[in-house]
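Novice: 3D model of this:
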Amino acid sequence: TMFSFAPRYEKKLYEISLPVSVSDFKYYRIGLALRFWKITIGSDNLLGSFGVGANKGLDFYLSIKINFLKGKCRERKRRN
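Specialist: The predicted structure follows:
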C-alpha cells in the first residue's frame, strides 16, 4: 500500500514541490523538486540521502520540457 501527497507552489516561470509518500504504513519518503522555466531538478528521497529511515541512498532526477507548437501552423491561402 502506498499513499502520496505532493503539495506545490506554481507560477508561470517557476515551481516548488514537496512530495511526501508512505508505503506499507511504515516507510516514509520526502522529496523536493524545483522547476525554473523548462528545467526541473529534484529528488523523491531526501531523508534517505541523509541516512534517515529504512531507505538509504540518494536519488536525483533532471527533466527538460519540450513543447511542440500544436495548432500554430500557418493556414494555406485559397486560390480562387
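Novice: next one: phi and psi at Gly48?
Specialist: Backbone torsions for Gly48, taken as degrees, to the nearest 10, come to phi -70, psi -30.
Novice: neighbours around it, how many?
Specialist: Residues lying near Gly48 (other Cβ atoms under 10 Å) number 21. From N, CA and C alone the C-beta is placed, and that goes for glycine too.
Novice: that one reaches Gly31, doesn't it?
Specialist: No. With contact defined as Cβ atoms under 8 Å, Gly48 does not reach Gly31; the gap is 9.8 Å.
Novice: which residues touch stretch 37-45?
Specialist: 13-15, 17, 19, 21, 29-34, 49, 55, 57-67 (Cβ atoms under 8 Å, 6 or more residues apart in numbering).
Novice: rerun that using 10 Å as the cut-off
Specialist: With Cβ atoms under 10 Å, 6 or more residues apart in numbering as the contact definition, stretch 37-45 has outside contacts at 4, 6, 12-21, 28-35, 49, 52-53, 55-67.
Novice: narrow those to just the buried residues.
Specialist: Among the contacts of stretch 37-45, those classed as buried by neighbour count (16 or more other Cβ atoms under 10 Å) are 17, 19, 21, 28-31, 33, 35.
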